[in-house]
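Asks: give me a 3D structure for the following:
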Amino acid sequence: MKFKIQNSSYGFLLLFLLGTIIQLRAQDQKSTVDSSLLERINYLEQQMNYHKSGDDHFMVVGLANFGFSSNKTTNTLNGISTTSKKSNLGDIDQFEFSPMFLWRHEKKYLMEFEPTFSQNGLGVSWADISYFAAPNVIIRAGYLVLPFGTYSKKQAAGWINKFATDPIGIADMPTSDYGVEVEGGLPLGDMKMNYDLALSNGLQLGNDGTVTSGYLVDNNTNKTITGRLGLLPFSNSSLEIGVSGMFGKVGTEGTSFHNVNGNMYAFDFNYVKTYVPFLVNFKSQYNIVDISNADYTTADEWATNYTFKNHSTSSFTQCSIRPTGIQALHDFELAARYSTYNTPSNSTWGSDQSAFAIGLNYWLSWRSVIKFTYEKYNGNSTGSEVLNAFTGITKSNTLYLQFSIQL
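Replies: All right, here's what the predicted structure looks like:
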């Protein structure tokens, strides 16, 4: 499934950190997390507790990505190959400047707003209000990052992501929408569980079978349910496994698409543990997207009718190693990632894609990092030849140098 995102949806940050604080402080056992993230949590706790209980607290934080990219792409169609080269100062595909405005009223309410400036212009990552109903229950409403998998909500921010790029397919999933949400956690003996449920307007189906999100006005009377359940089976919280689902109508009322539904699933895995002298981190996510059958019409003068099985999958698996126990090398981190993205054959945007990335990171501080990433991409078009959508084979190699900071 190919997706188009109406607004920027990078990095759900503060509420993730606050939720992590709740989990870490509520348990007696020592947890294992990324060292930079733990330092960030401690800093935010100090900031949030600076005012006396009952005071309003306004704070401006944010993040930024800036870098350089150099790319070579070769496309082969009908036996003819063409090659293009480009380089960008600023790395236009990854550039982002996102201040975040936070207003906490007493102990129960938190308002947050994050505008984002990127290659798409000025957008909004999220804008919502949270009510801390109980120690492990947060109720939220507004423009949200939906709980589908963990990448968009917890891992996409530049200073958290181990690479200069996002994993293909996973990052294209539209997971920002207007709605309400409830999240929290529960102890299960030595284990822990977290939950995150949301009700939103839902995705909207386009005339070519793609879906988009982030509309203030719904295109039907149905609402979409999105939820994730996570389990931390070990007492030190080193491992988390999660399952997500998103279910709702995507077709527009009063059109031939009015009965079209979307069923989507995600499975995620996160493992962080120190094997002296190394901090090891494994992450993975697998998405499945199914859109029910529909008949489509081309937008050209011939208005050709066609149909296809609207089924897509995307995935990534990555590993990073940081020698935190070696004084001379503890600021360096080595990472590798493999990702895939398969979209429907015989559509106008069908392809089988894969990418391999390797990165070397240098941490200037616990909240700023310089990332050197090399990524190799392969794409085989499965688009309909009848509809002139077949684009051949595409291969590219790209070098990135990026600076990311969380303020």
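Asks: mind listing what's buried in stretch 344-362?
Replies: For stretch 344-362, burial by neighbour count (16 or more other CB atoms under 10 Å) applies to 344, 346-351, 353-355, 357, 359, 361. (C-beta placed from N, C-alpha, C; glycine too.)
Asks: same deal with stretch 211-222?
Replies: Buried-residue list, stretch 211-222, by 16+ other CB under 10 Å: 211, 213-215, 218-220, 222.
Asks: format these as JSON lines; extra columns: pLDDT, distance to D128 and secondary structure.
Replies: What follows is the buried residues of stretch 211-222, written out as JSON lines (pLDDT from 0 to 100; distance: CB to CB, whole Å; DSSP: H, G, I helix; E, B strand; the rest coil):
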{"residue": "V211", "pLDDT": "95", "distance to D128": "22", "secondary structure": "strand"}
{"residue": "S213", "pLDDT": "90", "distance to D128": "15", "secondary structure": "strand"}
{"residue": "G214", "pLDDT": "87", "distance to D128": "13", "secondary structure": "coil"}
{"residue": "Y215", "pLDDT": "89", "distance to D128": "16", "secondary structure": "coil"}
{"residue": "D218", "pLDDT": "94", "distance to D128": "18", "secondary structure": "coil"}
{"residue": "N219", "pLDDT": "94", "distance to D128": "22", "secondary structure": "coil"}
{"residue": "N220", "pLDDT": "95", "distance to D128": "23", "secondary structure": "coil"}
{"residue": "N222", "pLDDT": "95", "distance to D128": "22", "secondary structure": "coil"}
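Asks: identify the farthest-apart pair in these.
Replies: Spatially, the most separated pair among those is G214 and N222, at 16.9 Å (CB to CB).
Asks: out of the buried residues of stretch 211-222, the closest to S315 would be?
Replies: Within the buried residues of stretch 211-222, proximity to S315 (CB to CB) peaks at V211, which comes in at 18.8 Å.
Asks: off-centre distance for the helix or strand containing S84?
Replies: Secondary structure assignment for S84, by DSSP states H and E: strand 80-89. Relative to its chain's centre, strand 80-89 lies at 28 Å (CA atoms, centre = their mean, to the nearest Å).
Asks: got a list of contacts for it?
Replies: Residues outside strand 80-89 that contact it (CB atoms under 8 Å, 6 or more residues apart in numbering) are 68-75.
Asks: buried residues in the helix or strand that that strand is followed by, which are they?
Replies: Of the helices and strands lying after strand 80-89 in sequence (DSSP H and E), the nearest is strand 96-105. Neighbour counts over strand 96-105 (16+ other CB under 10 Å) mark 96, 98, 100, 102, 104 as buried.
Asks: just the strands in the stretch 1-150 of the chain please.
Replies: Ranges of strands in the stretch 1-150 of the chain, per DSSP state E, counting those that start in this stretch, are 3-5, 56-77, 80-89, 96-105, 109-118, 121-134, 137-145.
Asks: mind checking the SS state of K154?
Replies: With DSSP: H, G, I helix; E, B strand; the rest coil as the basis, K154 sits in helix.
Asks: that one touches I160, doesn't it?
Replies: Yes. With contacts counted by CB atoms under 8 Å, K154 reaches I160, the gap being 7.4 Å.
Asks: neighbour count winner among these two?
Replies: A direct count of neighbours by other CB atoms under 10 Å for K154 and I160 places K154 higher, at 23 against 19.
Asks: what's across from S368 in the sheet?
Replies: Applying DSSP bridges to S368 yields these beta-bridge partners: S365, I405.
Asks: residues touching I225, list them.
Replies: Residues near I225 by CB under 8 Å, 6+ apart: 197-199, 245-248.
Asks: starting at the chain centroid, how far to the helix or strand hosting it?
Replies: Take DSSP H and E as the rule and I225 turns out to sit in strand 224-232. Here strand 224-232 is found 15 Å from its chain centre; the criterion is CA atoms, centre = their mean.
Asks: ok, that strand: who's next to it in the sheet?
Replies: By DSSP bridges, strand 224-232 pairs with strand 191-200 (antiparallel), strand 239-249 (antiparallel).
Asks: and of the ones you listed, who's closest to R337?
Replies: Closest of the strands paired with strand 224-232 to R337 is strand 239-249, at 18.4 Å (criterion: CB to CB).
Asks: quickly note the distance from the residue nearest in space to the middle of the chain to G325.
Replies: With distances taken as CA atoms, centre = their mean, the residue of the chain nearest its centroid is S152 (1.9 Å). Per CB to CB, to the nearest Å, S152 is found 32 Å from G325.
Asks: distance from the chain centre to stretch 146-156, please.
Replies: Relative to the centre of its chain, stretch 146-156 is centred 5 Å away, using CA atoms, centre = their mean.
Asks: for burial, what's the neighbour tally of the closest residue to H105 other than its chain neighbours?
Replies: Distance criterion CB to CB, 6 or more residues apart in numbering; nearest residue to H105, sequence neighbours excluded, is D56 at 5.4 Å. Neighbour count for D56, taken as other CB under 10 Å: 10.
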